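Enquirer: sequence? don't have it. structure:
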């Protein structure tokens with residue numbers, strides 16, 4: 001019996017061994033399939049992400065060139081001036097005092113803001129009183145406003161032997177010594193004691209209705225190009241108007257009116273100037289020769305009635321030549337910004 005059963009046990013042991021081998025092979029195949037599936041899913045996700053990112057990048061490039069094209073067209077329209085009129089007497093392209101130009105292109109739409117530099121306080125010429133009013137009207141606490149006024153006056157004033165504030169700048173990181181000369185670019189204010197990025201660039205807050213509204217920053221209120229004797233009523237920020245001495249209720253009325261329709265007729269300034277007192281004589285329609293043009297573009301998608309979520313802004317500072325008899329150059333580009341934050 002033992003001799004007869006030995007082969008049976010041998011055969012049973014051999015079958016169990018083969019079953020274990022087959023089960024191990026099947027488990028290996030399953031793990032391999034799972035690993036390949038995970039790799040395939042990862043590759044598909046990466047390809048999809050890169051495709052979407054490339055598509056977004058293409059839209060951003062298209063939107064950028066649409067914005068720059070809008071700037072070129074705006075410069076051309078402003079160079080033509082108000083000579084071209086529609087049959088109803090309105091301006092065909094541009095008229096001094098217009099705060100913005102809307103442009104339609106086959107590939108999208110663009111809005112070009114026209115901001116005269118004369119609608120801002122010249123940081124090199126503004127008096128300490130005007131600077132103080134400006135900071136207070138921007139919501140800066142009185143103590144900090146005083147520090148800002150002292151810092152700006154100190155930075156723009158020549159000092160052969162230095163000033164006490166030099167030690168402050170030498171203690172910050174990175175250290176530097178103020179030039180004690182006129183500001184050449186408005187971005188230099190970012191280095192001034194007391195100036196934060198939010199104060200310079202502006203910030204967003206919710207109004208009483210819960211809607212986000214933008215508070216203007218120093219870059220919207222100060223410039224290095226203005227002359228501080230005439231301010232465009234359509235584009236001058238509310239804090240700048242109050243820094244001139246205009247009452248807060250009159251400033252609110254001006255802002256409310258120009259949001260509905262800009263001031264384009266000189267006769268419309270009469271009541272405003274009368275209510276503004278001495279500061280009313282500084283209000284005007286339009287600017288002098290230096291402007292900031294800021295274009296924000298939006299692409300059209302399929303169907304054409306839809307628009308893309310991609311926005312792109314570009315801006316420039318331009319000086320128009322108002323005396324072509326002496327120089328045939330129609331204008332000069334003073335600054336160019338590839339990425340200009342919208343207001």
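Expert: Nice, thanks for sending it over. Just so you know, these numbers come straight off a predicted model, no measurement behind them.

Enquirer: for the chain, which spans come out with low pLDDT?
Expert: Flagging of the chain using pLDDT under 70 yields the residue ranges 1-22, 160-161, 303-305, 324-326, 341-343.

Enquirer: Go through it and flag its longest strand.
Expert: strand 307-320 (DSSP state E).

Enquirer: strand partners of the helix or strand following it, parallel vs antiparallel please.
Expert: For strand 307-320, the following helix or strand on the C-terminal side (DSSP states H and E) is strand 331-337. Applying DSSP bridges, strand 331-337 is found paired with strand 307-320 (antiparallel).

Enquirer: in the sheet, who's paired with residue 115?
Expert: Beta-bridge partners recorded for residue 115 (DSSP bridges): residue 292.

Enquirer: what's around it, how many residues?
Expert: 24 (other Cβ atoms under 10 Å). Every C-beta, even on glycine, is put in place using the N, C-alpha and C of the backbone.

Enquirer: again with residue 125
Expert: 15.

Enquirer: if I look at it, how far off is residue 193?
Expert: 21 Å (Cβ to Cβ, to the nearest Å).

Enquirer: what residues are up against the closest residue to residue 147 other than its chain neighbours?
Expert: The shortest distance from residue 147 to any non-neighbouring residue, by Cβ to Cβ, 6 or more residues apart in numbering, is to residue 194 (4.6 Å). Residue 194 sits next to 144, 147, 148, 151 when contact means Cβ atoms under 8 Å, 6 or more residues apart in numbering.

Enquirer: What's the separation between residue 194 and residue 124?
Expert: 18 Å.

Enquirer: Could you find the closest non-adjacent residue to residue 266?
Expert: residue 285 (6.4 Å).

Enquirer: burial of the one you found, as a residue count?
Expert: When neighbours are counted by other Cβ under 10 Å, residue 285 comes out with 19.

Enquirer: mind listing the strands for the protein?
Expert: Along the chain, counting by DSSP E, strands occupy 100-105, 108-116, 121-122, 203-206, 212-215, 222-223, 231-232, 283-284, 290-300, 307-320, 331-337.

Enquirer: Select, out of these, the one closest to residue 173.
Expert: Nearest to residue 173, of all the strands of the chain, is strand 203-206, at 24.8 Å by Cβ to Cβ.

Enquirer: Report the angle between the longest helix that the chain contains and strand 100-105.
Expert: As assigned by DSSP state H, the longest helix anywhere in the chain is helix 2-80. Inter-element angle recorded for helix 2-80 and strand 100-105: 120 degrees (by axes from the mean of the first three to the mean of the last three Cα atoms, to 10 degrees).

Enquirer: Would you mind pulling up the elements that helix 2-80 packs against?
Expert: strand 100-105, strand 108-116, strand 290-300, strand 307-320 (3 or more Cβ pairs under 8 Å, 6 or more residues apart in numbering; DSSP states H and E).

Enquirer: and it, how far out from the chain's middle?
Expert: From the chain centre to the centre of helix 2-80 is a distance of 40 Å (Cα atoms, centre = their mean, to the nearest Å).

Enquirer: and the gap between residue 204 and residue 67?
Expert: Relative to residue 67, and taking Cβ to Cβ, residue 204 is found at 22 Å.

Enquirer: Looking at the two, which one has more neighbours?
Expert: More crowded of residue 204 and residue 67, by other Cβ under 10 Å: residue 67, with 25 against 9.

Enquirer: doesn't residue 110 make contact with the more buried one?
Expert: Yes - shown here, residue 67 and residue 110 form a contact pair, counting by Cβ atoms under 8 Å, at 6.1 Å.

Enquirer: who touches both of the two?
Expert: 295, 296, 297.

Enquirer: which among those gets closest to residue 42?
Expert: residue 297 (36.0 Å).

Enquirer: okay but the closest one is in contact with residue 71, surely?
Expert: No - counting by Cβ under 8 Å, residue 297 does not reach residue 71; the two are 9.9 Å apart.

Enquirer: got a list of what the residue nearest to residue 236 when sequence neighbours are not counted touches?
Expert: The shortest distance from residue 236 to any non-neighbouring residue, by Cβ to Cβ, 6+ apart, is to residue 119 (4.1 Å). If a contact means Cβ under 8 Å, 6+ apart, then residue 119 has 226, 231, 232, 235, 236, 237, 240, 287 as its contacts.
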